[in-house]
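> Generate a structure from the sequence data that follows.
(2 chains)
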Amino acid sequence: MSTAKNQKWVYLAAVLLVGAGVGYLLFSGLSQNSVYFLNVSEALAMPAEKLSQARLFGMVAEHDVDHDPSAMGVSFFALDKDEPSKAIRVHYRGAVPDTFKPGVEVILEGSFTADTRVFEATTLLTKCPSKYEKNDKGQMRPPGFAG
Amino acid sequence: MHAISFTALLLSMLAAVGLTATAGMKALKDDFDTVALLEKGQILLTIVVLAVSAVLVQALVVRDFSYIYVRDYTDTFLPLFYAVTAFWAGQNGSFLFWYLCVAVMGWCMIYTPGYSRLDNRTKVFFWILFFLIEIFFLYALTGPSNPFMKLDPVPAEGRGLNPLLQNPGMIFHPPLLFLGYAGYTIPFCLALASRLSGNSREWLELCRNWNIVAWIFLTSGIILGAWWSYMELGWGGYWAWDPVENASLIPWLAGTAFIHTAIVGRTRKSLLRTNVFMVALTFLLCFFATFVVRSGMIDSLHAFGGSRMGIPLLVFMVATLLLTLHVCLVQRKDDSAHIDDFASRPGMLFLASWLFLCMGGIVFLGVLWPVLSSMWSANPVGLDAGFYNKVCLPLFAALAFIMSICPWFSQKSGISDKAALGLVLGAGAGSAVIMFVMGYSQPLALFSAASGFMMIVSIALYFVRNKGARAFLPSLGAYGVHLGVALMVVGVAFSGPYKVEAEAVLTKGQSMTVGSYEVMFHELTHDHDNPAMDTHAALLTVTRGGKTVGSMAPEKRLYRNFEQSTFAEVSVIPSLGEEIYSTLLGFNEEGAVSLKVSVNPLVNWIWIGGTLSCLIAFLCWRKIERR
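Just a heads-up that it's a prediction; the model follows:
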């Protein structure tokens, strides 16, 4: 059992087995869970069917911010940070962070619906400009963090 | 004091450069009499860094806003305790803290029995490497990351500490991580120095305790971070696979793999170069973690902003990597033995290490994916939390399974105790069936939880059947750590997939249902007596089947110095079974509140298991005889 040659084969088999398993997991993860990181203008330049899952970086427009009466959602225009003339309408359902207001930078996760031209966001995070720039652990947080 | 502190750091950098150059030149001429000088140099560097750290702490205590650093991270409202901890709240301070840890550890090293066993040649190489690392820190502290910058004119008030950092969990999370990062410096220098001077084996034994201490610090730092995330951030989870969290996990995965290859290295005299590489990799990844957090290269949800430390860190990492590769690959002479068989304990340890490394590689890939993908894609592609859960959780489950069967294999080849292994596997199958019948049928969670139970049974059985193991402290320690891990595995397997969550808007007297619980909202209170913050709290009571379970009061806080945003303070009804967790998302003038409530099964076992692991690991310490 423990001759050098035999041992080599056992190792090779084990490496192949582990490699194949990890490879499969990686492949399925990479193909199903990758999301585009896009600015608003980049998102507008892309075909909508490629945006079934995307992370969008933009700025909240001053006009047409409609809060859901139940305080559990908001609709607004997200502007491109560099080209404010480009905008995407965003529907978001969920807890709206307190820091959400016109002019702040937001990070959205969700999908773009081709026929309505609306970005349906499942996550909305705000990025605070000056105050936290230097702080160690940022205040930005994944789903549901409202503070 | 600004200039004095800065000059002191600058002078100690010059001294370190001088010492390194002198020792290096003499070493080239085969002269290794510089040891005493180098030790004195280390003591001097430590005294200097202790003194300048005291200066910074003093400035933080009295809120001397003439320091930019003090202005940026404190204000006069901040309690003294948190003001002191602002030491490591910002980049510049945290670098100083990291360097302080490295220097003090270097000083301690001089008096350890392990150090006394080294020959002069190895000692000189050790100090040269150690000083080079210290020079890097001193360069950072006197250049791009200077905590002693002066502000003129002096403002009357500071900017305050981020409220999220004003929490006991967060306050000890960063220093523990830095202690862990610093702790790997000594094993790294020892490994490379031993290898350079031709002693390829003894270092594993000598750095064992350092390695354990570094691992304990890093592990407790990560677990505390997860607990803080759960208790403070109010999103209901404890691990979000954010790049910054992942950054500290990568060195942990490498370090844990190294602990296991080191066992094989010590007991079987094999994997000698592998071990050198592993410890160097761990050390390197600690800097990579800092690089991810500080360079601004990765667009994380955390708002860090770019810093000037990116390039210096990159240069340092590349240099370290080249040196390591040179030592591991070019200096090939070796007397390493082979592992006898895969179905043996060393074989299993080796496999476990590979799995840890694989996961490290995957997380590394995930963190860098937005950067890598921009090579072939016009727009960067990132990975969401689903990627990590899908890829890493099965590997963790496989690891748990390997851990549960490993004790029953012999050192050389084959199964040493078939009856016990059968019993363990039987217990696993039995627990799986019971959980399945109880309705916990998610396959991966079922397999993980069953593996966790198998680990517990396996460890208990091991001590029943091995008298020797009971009496030997390091073995008690090693298995105790794994018992903690088993509890964590079970905790994660349940709290992840079986969490129930609900959001609702309630007015006074209304209630909502979460799982089998009824949550009723009584009233919204307002406390504005505290000068530092304004607090609103929602009073809730929880019942199950008509019986009262407890009450909660999740809060919304408005900190005086952070008026743009409110901060949610979660409230829980703690339980070893199902923990009820609530966050106050918002409220309006009429007194209606928007709430998020979740039921987290077995979540506290993660913290219990984690604490147990970290504490028991101290038993693994082994006394090294002085020479």
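
> so who does the spatially most central residue of chain A touch?
Of all residues in chain A, the one closest to the mean position by CA atoms, centre = their mean is A:Arg55, 3.0 Å from it. The contact partners of A:Arg55, taken as CB atoms under 8 Å, 6 or more residues apart in numbering or on different chains, are A:Val35, A:Tyr36, A:Phe37, A:Leu38, A:Ile107, A:Leu108, A:Glu109, B:Gly382. Yep, even glycine has a C-beta here, placed from its N, CA and C like the rest.

> Surely the fourth one is within a strand?
Yes: if the criterion is DSSP: H, G, I helix; E, B strand; the rest coil, then A:Leu38 is within a strand.

> ok, it - how many residues close by?
22 (other CB atoms under 10 Å in any protein chain shown).

> Same check on the last one?
Neighbourhood size, B:Gly382 [other CB under 10 Å]: 22.

> Please report the distance of it from A:Gly58.
Taken as CB to CB, to the nearest Å, the spacing of B:Gly382 relative to A:Gly58 amounts to 16 Å.

> now do B:Thr7
As judged by CB to CB, B:Thr7 and A:Gly58 stand 47 Å apart.

> Mind listing what's buried along stretch B:589-598?
B:Ala592, B:Val593, B:Ser594, B:Leu595, B:Lys596, B:Val597, B:Ser598 (16 or more other CB atoms under 10 Å in any protein chain shown).

> Backbone dihedrals for B:His260, please?
Main-chain dihedrals, B:His260, degrees, to the nearest 10: phi -80, psi -40.

> Who are the contact partners of it?
For B:His260, the contacting residues are B:Leu349, B:Phe350, B:Ala352, B:Ser353, B:Phe356, by CB under 8 Å, 6+ apart.

> Tell me the gap between whichever strand or helix holds the second one and the middle of its chain.
Going back to what we said before, that points to B:Phe350. Secondary structure assignment for B:Phe350, by DSSP states H and E: helix B:345-373. With CA atoms, centre = their mean, to the nearest Å as the basis, the distance from the averaged C-alpha position of helix B:345-373 to the chain average is 16 Å.

> For it, buried residues please.
Neighbour-count burial for helix B:345-373 [16+ other CB under 10 Å]: B:345-360, B:362-367, B:369-370, B:373.

> Those also near chain A: which ones?
With CB under 8 Å from any CB of the partner chain as the criterion, the members of those in contact with chain A are B:Leu351, B:Trp354, B:Leu355, B:Cys358, B:Ile362, B:Leu365, B:Trp369, B:Pro370, B:Ser373.

> hmm, the longest helix along chain A touching chain B?
Across chain A, the longest stretch assigned as helix under DSSP state H is helix A:4-32. Yes: using CB under 8 Å from any CB, a contact is recorded between helix A:4-32 and chain B, made by A:4, A:7, A:10-11, A:14, A:18, A:21-22, A:25-26, A:28-30, A:32.

> Tell me which two in those are the farthest apart.
Pairwise distances across these (CB to CB) peak at 42.1 Å, for the pair A:Ala4 and A:Gln32.

> ok, which stretches of the stretch 301-450 of chain B are helices?
Applying DSSP state H, counting those that start in this stretch to the stretch 301-450 of chain B gives helices spanning B:310-325, B:345-373, B:385-405, B:418-437, B:443-465.

> what's the answer for chain A, then?
In order along the chain, chain A carries the following helices (DSSP H): A:4-32, A:40-45.

> which regions of the chain sit below the pLDDT cut-off?
Reading this off chain A. A:1-7, A:69-71, A:98-99, A:127-147 (pLDDT under 70).

> actually it's chain B I care about, not the one you picked
Scanning chain B with the threshold set as pLDDT under 70 gives B:295-307, B:331-340, B:561-566.

> ranges for the strands of it?
Secondary structure of chain B (DSSP state E): strands located at B:381-383, B:500-506, B:511-514, B:517-527, B:533-544, B:547-552, B:555-559, B:567-569, B:571-573, B:578-587, B:593-601.
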